[in-house]
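# sharing a model that was predicted from the sequence below.
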Amino acid sequence: MIGRKNWLFNQTPRGANASALLYSLVQTAVANNLEPFDYLKYLLTARPKLGRHYKPEALDQFLPWNLTEKIKPFK
């Protein structure tokens, strides 16, 4: 398990939620054969360009199965 020992160091429930979110994103990238670092980098640079007000379906472009041509495969 990726987080088993790391979870011991979460000081607050909010920290635990943040860790779980990050681990979920990484494992979702791996499950969809995307390089996790590149997937996270893409999410953190492209998502803010949507601005504060967007339609929920605008997030579909960030789903890992829609990014197989933009992000290199996981080795």
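Arrived safely. Numbering: from 1, shown residues only.
# show the contacting residues for the residue sitting nearest the centre point of the chain.
Residue closest to the mean C-alpha point of the chain, counted by CA atoms, centre = their mean, is Leu25 at 3.1 Å. Counting by CB atoms under 8 Å, 6 or more residues apart in numbering, Leu25 touches 36, 39-40, 43. Just so you know, the C-beta spots here come from the backbone N, C-alpha and C atoms, and that holds for glycine as well.
# Asn10 reaches Tyr23, doesn't it?
No - in this structure Asn10 lies outside contact range of Tyr23 using CB atoms under 8 Å: 11.5 Å.
# and the pLDDT for the residue nearest to the centre of the chain?
Per-residue confidence at Leu25 stands at 94 (pLDDT).
# how about the secondary structure of it?
helix (DSSP: H, G, I helix; E, B strand; the rest coil).
# where's it relative to Asn32, distance?
Distance of Leu25 to Asn32, given as CB to CB, to the nearest Å: 11 Å.
# with Pro48 instead?
22 Å.
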